[in-house]
Every structure is written in C-alpha cells, then in structure tokens.
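Peer 1: Predicted coordinates and the sequence they were generated for:
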Amino acid sequence: MKTNLLVTHRAIFGLIIFFYLIIPTKMNAQHVAIPPKHLVNKFVERHITLGTISQSDGGVRPFTYTTIRKILNNLFEKRTELPVKDRELLTRFRSEFSLNQFPRKIEFPWQKTELKKLGSNLISNYRLQDVEPHLLSFRDSTVYAWADFSETIRLENLDKNVHRRYIDKVAILGTISDNLSFYVNFTMNRFVGDSNLVYQIEDFRNEDHPYFDTVNWTIWYQSEAAFNISTKFGNFHFGKTPVIWGYSPEYSPILSGNTQTFPYVSYSHKYRKIKFHYVHGTLLPYESITIHRFKRTSQKYIAAQRIEAELSKNLMLSFNEMVIYGNRPFELEYLIPVNFFWAAEHNLGDRDNLLMALDVSWRIKKGLKWYNTLFWDELAWEKIFSKWWGNKFVYQTGLHWVSKNNQFYPDLRIEATVSRPWTYTHNITVSSYTSAERVLGFPLGPNAQSLLTQVGFWPSYRWYLNFSALFIKKGTGLGSAATDNYNDRNRDLDENTLFLLGNIENTVQLKMESDFAINRYFNIVGKIGYELVNSTSSGHVGLNFDW
C-alpha cells in the first residue's frame with residue numbers, strides 16, 4: 001500500500017512538472033500567502049465594499065503577494081478618486097509590497113553600509129517614501145528573493161497574571177523564474193510559564209508544547225511553506241499555509257483558518273467570471289501533544305472544492321463541497337478536481353463526512369455589502385423546518401458598511417451566526433470536521449449562536465484600531481464539540497433537538513485591538529479583552545521588530 005501511495009505521489013508531481021515544462025507563462029507570479037492578521041487585509045476589505053476592488057478577490061484567503069500587488073496597482077490608477085487617508089495607506093502598502101527597489105546584488109546585513117542604514121532608520125519616524133527594509137533582498141531578470149527576520153516581545157495577561165512571551169520568526173520567499181515561486185516561514189514561541197496556560201493564548205493552535213522547568217519555558221513551533229507553479233491553465237500549489245473560504249474574516253462556517261496550518265496540494269483557475277479552487281490535504285486526528293505519545297496514529301484527510309461565479313459586478317455566488325475521511329490511505333477519487341464528492345462518498349460506502357455550503361456576497365451599493373452562508377453537514381429537506389437532530393447546519397449573515405463620503409467615519413461590521421447541535425460531528429470520530437481537535441469551520445463549533453459587532457478605524461496611516469463586542473450563547477453537553485460522536489446522542493431527542501441543547505452559557509466578550517507603526521522596523525501591537533459575565537480580563541501588548 002505504501003508503495004502504491006509513493007507511486008501515486010510521484011505521478012502527480014511528474015504531471016505538474018510536465019505542465020511547467022511545456023506550458024510556460026510570463027507573469028512573475030508569487031502565490032505566497034499574506035498573513036491573515038496583516039493590515040493590508042483590512043484595507044483591501046474596505047475597498048471591496050466601496051466597490052473600487054472586485055468582489056471576486058474576497059471569497060478565498062489569505063491573499064497572495066500576486067493578488068495584493070495587482071489590487072494595489074489597480075487602486076493606484078484610481079488614486080485621484082481616493083480620499084487623502086486612503087491615498088496614504090495605498091502609498092504605505094505599495095512600498096511594503098514593491099519589488100522595484102530590490103538591489104541587483106545581495107547586500108548582507110553585516111556590511112557597513114547596511115548597518116549604517118539600519119542604525120539611522122531605527123530611530124527615525126515612519127516615512128511613506130521609505131523603502132520597506134529586508135534582512136536580505138536580491139533580483140535579476142527573473143529571480144526575486146528576500147528574507148525577513150522578526151522578533152516580538154509580548155506580555156500576555158493570562159490567569160490574572162502577566163507572562164512574557166517571545167516570538168522569533170524567519171521568512172524566506174521569492175520567485176525562481178517567471179512561473180515558479182516559493183515561501184518558507186518558521187516561528188518559535190517561547191512562553192515564560194506553565195504549559196497549561198498556553199491554551200488561553202488566542203493564536204495557539206494545539207501545537208506540541210513541551211515545558212522546560214529548568215528555565216520555566218514552554219516552547220512550541222509554527223511553520224508555513226509553499227511551492228507554486230503558475231501556468232496558463234491554472235496554478236498548481238504545494239502548500240502549508242492557512243486556508244480560509246467564505247466572506248467572514250474570522251468566523252467563516254466553511255474554512256476559517258482556526259486550526260494549525262496543514263499540508264495540502266491545490267489547484268485553482270479563473271476563466272472570465274468563474275473561479276475554481278481545489279484542495280486536498282492531510283489533517284491531524286488529535287492535538288499534537290497527544291500524537292507524540294502514540295507510536296502510530298490514524299490517517300486523516302480533507303478534500304475540498306469551491307466554484308465561484310461573478311453574476312454581476314455586485315453579486316458573487318459560490319458552491320462548496322468538503323469531505324473528511326481517514327483510517328486509510330488517501331482516496332484517489334477525491335483527488336480528481338470537479339468530481340462530485342456527494343456521489344463519490346455515497347458510492348464509497350457512506351463512511352466519510354461529506355459537507356456542503358452555499359455563500360453569496362451582494363454589494364447592495366457602494367459602501368454596503370451583505371453576505372450570507374448556509375453550511376450543511378446534513379439536511380432532510382422535508383424536515384428542514386422541524387427539530388430533527390439530523391438538520392446539522394450553520395447559517396451566517398453579515399453586513400459590512402464603509403462610508404464613501406467621509407474618510408473619518410469608522411468601518412462597521414455586524415455578523416450573526418447560528419450553529420445547530422452536532423454540526424461538524426461524525427459517527428467515526430476521526431472524520432469529524434477538525435484538525436488537531438480544533439474545528440475547521442465556525443470557531444465556536446456546534447450548539448452555538450453569536451452576534452458580532454465590530455468597528456474598525458484608521459486614525460492615521462500608521463495606526464489601526466478595532467473595537468468589537470461578541471455576544472455568545474453556547475449550549476453544553478454532547479453535541480457541543482465537533483469531536484463528539486453523534487452515535488452517543490440522546491435518541492429520545494431525535495425529533496426534538498432544539499437550536500441550543502443543555503445548559504446555555506451566555507458570554508459577552510469586549511475587545512479592543514491596536515496596531516501602531518513607530519517606523520518601518522518597529523510597531524506596537526496590543527489587545528485588551530473583557531468578559532462581562534465572568535468579569536475576567538485578557539489580552540496582550542507587544543513590541544515587534546521586523547527586518
């Protein structure tokens with residue numbers, strides 16, 4: 001079986017190389033993921049709602065360097081129509097993502113000229129005309145490559161105490177030729193404190209996190225990587241980067257980026273007003289610390305495909321199919337793009353977890369966007385309005401408003417989500433819609449309801465503020481976690497399963513986030529959170545050095 005698996009992998013790789021060799025394309029493509037927390041995402045989202053950017057760019061994230069450069073260049077052509085603040089933000093981000101200023105020879109950071117430049121810029125103010133600094137950078141006719149290093153010192157408010165955390169990150173990325181790009185990002189987290197506390201950290205994703213008592217450190221690693229081949233017939237991608245499908249930035253019911261990054265192969269292509277995305281990846285059946293204790297673990301995979309249609313410049317519609325399966329080598333039938341997973345899963349014995357979703361984004365007018373998602377794990381259309389337990393679905397609706405007349409008004413988002421009990425679960429636990437025991441979709445999981453109000457504001461091109469209030473109703477007991485096995489349900493409730501089961505816990509989470517750029521090297525990031533019901537506070541503040 002292992003031999004067959006290796007042969008199949010080699011065949012796939014050989015096919016992709018074949019496309020690369022015989023179908024070259026001139027695009028200098030860098031299909032490298034932009035971090036979901038990067039502020040350029042807020043800027044792009046704002047202009048999608050304003051109508052200065054096509055909605056077709058907003059349904060699949062993270063954005064790539066290629067996409068961001070295309071968007072920023074298109075906005076630059078319309079810069080006279082933009083308000084002053086947006087023109088300043090456009091200048092900031094174009095400078096950050098520009099390749100034009102790269103030197104023709106490698107300038108090492110220990111060279112005298114580079115050290116002098118670093119020293120003078122470390123104490124300077126943020127200047128829009130400055131070129132974004134890199135530890136190393138180089139270009140010639142086809143090769144663009146650079147390396148960045150960042151160090152963040154953060155104070156985490158956990159368990160009514162403040163703990164230090166150090167985040168060391170190294171990234172190397174670039175293009176090898178006009179249609180080959182690569183990316184690698186390694187992050188080491190050093191937390192001063194007990195390993196059990198890291199579960200309270202917002203960006204912790206159940207990685208393995210050993211505790212070293214001699215130095216009182218808990219350490220965990222995060223890694224991303226990608227290798228992309230661009231052809232005129234589409235993009236072939238080997239990656240380990242976040243995968244986010246849907247129009248909610250953080251709470252998408254489809255794929256929200258709520259888990260550790262997982263390795264995958266993907267294919268995407270755009271033909272006129274139609275976009276197709278396909279992903280086949282490997283998931284973790286348990287959290288990483290548990291896997292370390294086993295000699296052998298179950299296999300777990302995801303196959304997903306999404307087709308988007310731009311019905312008009314203001315209306316986008318998409319259909320999504322996802323299937324989770326495991327306890328066997330990867331299924332060749334799920335490796336075929338555009339194959340209907342619904343029929344395939346049924347003919348393979350109905351043993352896998354098939355899920356579907358429809359989502360739509362409608363720009364009602366410039367400055368006002370309305371989006372909806374219906375995600376279903378299982379539905380009986382004849383019982384759609386009943387309390388049957390098998391109606392496992394998530395419904396989400398949201399509004400995003402941006403003032404088109406006054407640049408000083410904040411952006412506003414209102415988003416409501418209802419997640420039925422037992423959604424994302426399966427009768428074979430390894431096939432739950434999770435990776436490392438974190439749900440792939442709506443982060444609150446099944447048996448939950450939420451209302452999000454979010455206000456985003458740019459006091460200046462250097463400073464971004466975000467205020468949010470999240471009202472949560474969460475049911476308890478079986479059916480509340482995506483890892484629950486639905487065979488364990490109370491069958492007396494099969495025809496009377498309410499939208500919320502068990503004791504209902506009400507929570508109101510208030511948050512304020514801030515990101516202020518001191519200059520091109522330093523910025524201050526922070527978040528303050530407070531839960532009204534439990535009267536508990538959380539958050540962090542940090543100083544980031546990025547070179």
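Peer 2: Alright, I've got the coordinates. Numbers count the residues shown, from 1 in each chain.

Peer 1: In the stretch 51-200 of the chain, where is pLDDT below threshold?
Peer 2: For the stretch 51-200 of the chain, no stretch has pLDDT under 70.

Peer 1: Indicate each strand paired with the helix or strand S514 falls within and its parallel or antiparallel sense.
Peer 2: Assigned by DSSP states H and E, S514 falls within strand 505-517. As defined by DSSP bridges, the strand partners of strand 505-517 come to strand 463-474 (antiparallel), strand 522-531 (antiparallel).

Peer 1: Centre of the chain to it, how far?
Peer 2: Remark: strand 505-517 is offset 19 Å from the chain centroid, using CA atoms, centre = their mean, to the nearest Å.

Peer 1: and if you look at stretch 57-69?
Peer 2: 11 Å.

Peer 1: For the residue lying closest to L470 once chain neighbours are set aside, list each beta-bridge partner.
Peer 2: Leaving aside its sequence neighbours, L470 sits nearest to Q509 (CB to CB, 6 or more residues apart in numbering; 4.4 Å). Using the backbone N, CA and C atoms, a C-beta is placed for each residue, glycine as well. Here Q509 shows beta-bridge partners L470, E531, assigned using DSSP bridges.

Peer 1: got the contact list for Q509?
Peer 2: S468, A469, L470, I472, G529, Y530, E531 (CB atoms under 8 Å, 6 or more residues apart in numbering).

Peer 1: for V131, same thing?
Peer 2: S95, S98, Q101 are the contacts of V131 under CB under 8 Å, 6+ apart.

Peer 1: any idea whether it is helix, strand or coil?
Peer 2: Secondary structure state of V131, per DSSP: H, G, I helix; E, B strand; the rest coil, is coil.

Peer 1: Roughly how far does it sit from Y371?
Peer 2: 37 Å (CB to CB, to the nearest Å).

Peer 1: Pretty sure R92 sits against R127.
Peer 2: No - applying CB atoms under 8 Å, one finds R92 not in contact with R127, separated by 10.1 Å.

Peer 1: more neighbours, those two?
Peer 2: R92 (21 against 11; other CB atoms under 10 Å).

Peer 1: how far away is that one from P35?
Peer 2: According to CB to CB, R92 stands 16 Å off from P35.

Peer 1: what does Y334 give?
Peer 2: Counting by CB to CB, the gap from Y334 to P35 is 29 Å.

Peer 1: higher neighbour count, the two?
Peer 2: Neighbours around Y334 and P35, counted as other CB under 10 Å, are more numerous at Y334. The numbers are 22 against 15.

Peer 1: what kind of secondary structure is the more buried one in?
Peer 2: Reduced to three states by three-state DSSP, Y334 is helix.

Peer 1: My read is that it contacts F341, right?
Peer 2: Yes - if you go by CB under 8 Å, Y334 and F341 touch, sitting 6.6 Å apart.

Peer 1: where do the contact lists of these two overlap?
Peer 2: Counting by CB under 8 Å, 6+ apart, the common neighbours of Y334 and F341 are A303, V323.

Peer 1: contacting residues around stretch 374-383?
Peer 2: Contacts for stretch 374-383 (CB under 8 Å, 6+ apart): 253-254, 353, 355-359, 388, 390-396, 422-425, 433, 441-442.

Peer 1: So which elements touch the helix or strand hosting L173?
Peer 2: Using DSSP H and E, L173 sits in strand 161-177. Strand 161-177 sits against strand 144-158, strand 180-192, strand 536-546, with contacts defined as 3 or more CB pairs under 8 Å, 6 or more residues apart in numbering; DSSP states H and E.

Peer 1: Tell me the buried residues within the contacts of Q509.
Peer 2: The neighbour-count test (16 or more other CB atoms under 10 Å) marks S468, L470, I472, G529 as buried among those.

Peer 1: Tell me the one of these nearest L197?
Peer 2: G529 (15.5 Å; CB to CB).

Peer 1: could you measure the closest one against F97, distance?
Peer 2: 31 Å.

Peer 1: Near L379, how many other residues are there?
Peer 2: 15.

Peer 1: repeat for F545
Peer 2: For F545, using other CB under 10 Å, the count is 13.

Peer 1: Could you check how far it is from F522?
Peer 2: Computed as CB to CB, the F545 to F522 distance reads 6 Å.

Peer 1: L122 too?
Peer 2: 8 Å.

Peer 1: now swap in K511 and tell me
Peer 2: On the measure of CB to CB, K511 and F522 end up 23 Å apart.

Peer 1: Can you get me a residue count around the residue nearest to V32 when sequence neighbours are not counted?
Peer 2: Once flanking residues are discounted, V32 sits nearest to Y183: 4.1 Å by CB to CB, 6+ apart. The number of residues packed near Y183 is 22, by other CB under 10 Å.

Peer 1: looking at this structure, which helix or strand does the model trust least?
Peer 2: helix 2-22 (a mean of 46; mean pLDDT, DSSP states H and E).

Peer 1: What is the burial count for F522?
Peer 2: Residues near F522, counting by other CB under 10 Å: 16.

Peer 1: Tell me which stretches of this structure form helices.
Peer 2: 2-22, 40-50, 65-77, 84-97, 112-122, 288-291, 341-347 (DSSP state H).

Peer 1: for the record, mean pLDDT for the second one?
Peer 2: Right, the one you point to is helix 40-50. Averaged over helix 40-50, pLDDT sits at 96.

Peer 1: Any idea how far that helix is from the middle of the chain?
Peer 2: Distance, centroid of helix 40-50 to centroid of chain: 16 Å (CA atoms, centre = their mean).

Peer 1: could I get it in CSV with only the CA atoms?
Peer 2: Coordinates of the C-alpha atoms in helix 40-50 are reproduced here as CSV (Å, rounded to 0.1, in the frame of the first residue of the first chain):
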residue,chain,number,x,y,z
VAL,A,40,-3.4,45.2,4.2
ASN,A,41,-6.3,42.8,4.6
LYS,A,42,-8.4,45.4,6.3
PHE,A,43,-7.5,47.9,3.6
VAL,A,44,-8.5,45.6,0.8
GLU,A,45,-11.7,44.6,2.5
ARG,A,46,-12.6,48.2,2.9
HIS,A,47,-12.2,48.8,-0.9
ILE,A,48,-14.1,45.7,-1.9
THR,A,49,-17.1,47.0,0.0
LEU,A,50,-16.6,50.5,-1.5
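
Peer 1: okay, the angle between it and helix 84-97?
Peer 2: Relative orientation of helix 40-50 versus helix 84-97 (axes from the mean of the first three to the mean of the last three CA atoms, to 10 degrees): 130 degrees.

Peer 1: what helices or strands is helix 40-50 leaning on?
Peer 2: On a contact count with 3+ CB pairs under 8 Å, 6+ apart, helix 40-50 meets helix 65-77, helix 84-97, strand 368-378, strand 392-401, strand 411-419.
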